[in-house]
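In: predicted model and sequence follow; I will ask about them next.
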Amino acid sequence: HALAPSVEETDWERIVVLYEGLGRLAPSPVVDLNRAVAVSMARGPAAALPIVDELAAGDAFKDSHQLPGVRGELLRRLGRAEEARTELEQAIRLCGNERERAVLTRKLAAL
């Protein structure tokens, strides 16, 4: 995706396949979360949300802003603003990076 002229021109299906392969070679929750993001870009947020929800059921991201940040974005794209708000607020609380927190805060304010 770093070489594509735009987000819209990115071959997201290929990226999904690459993350699936990486997940078989080196399985990890981070790979699964990144795959979910690629799935959301290729197939829409409804296709990615079950992947993220399964990750949320575990402990891998319990102290990280990443999962609630992704989940909040998916819910926002699905029009589920109140649920998105809850997730983004959680992501902001957990985020230790000022710039990332600013992005999350802007997303929350836009709801």
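Out: Noted; the coordinates are in hand.

In: show the pLDDT at the most centrally placed residue in the chain.
Out: The chain has Val70 as the residue nearest its centroid, 2.8 Å off, counting by C-alpha atoms, centre = their mean. As predicted, Val70 sits at a pLDDT of 98.

In: right, and it touches Val37 too?
Out: Yes - contact status for Val70 versus Val37: in contact at 6.1 Å, counting by C-beta atoms under 8 Å. (C-beta placed from N, C-alpha, C; glycine too.)

In: picking that back up, residues in contact with the residue nearest to the centre of the chain?
Out: Val70 sits next to Leu33, Ala36, Val37, Val52 when contact means C-beta atoms under 8 Å, 6 or more residues apart in numbering.

In: now those residues in a markdown table, with distance to Arg24 and pLDDT?
Out: Output for the contacts of Val70, formatted as a markdown table (distance: C-beta to C-beta, whole Å; pLDDT from 0 to 100):
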| residue | distance to Arg24 | pLDDT |
| --- | --- | --- |
| Leu33 | 16 | 98 |
| Ala36 | 16 | 98 |
| Val37 | 18 | 97 |
| Val52 | 20 | 98 |
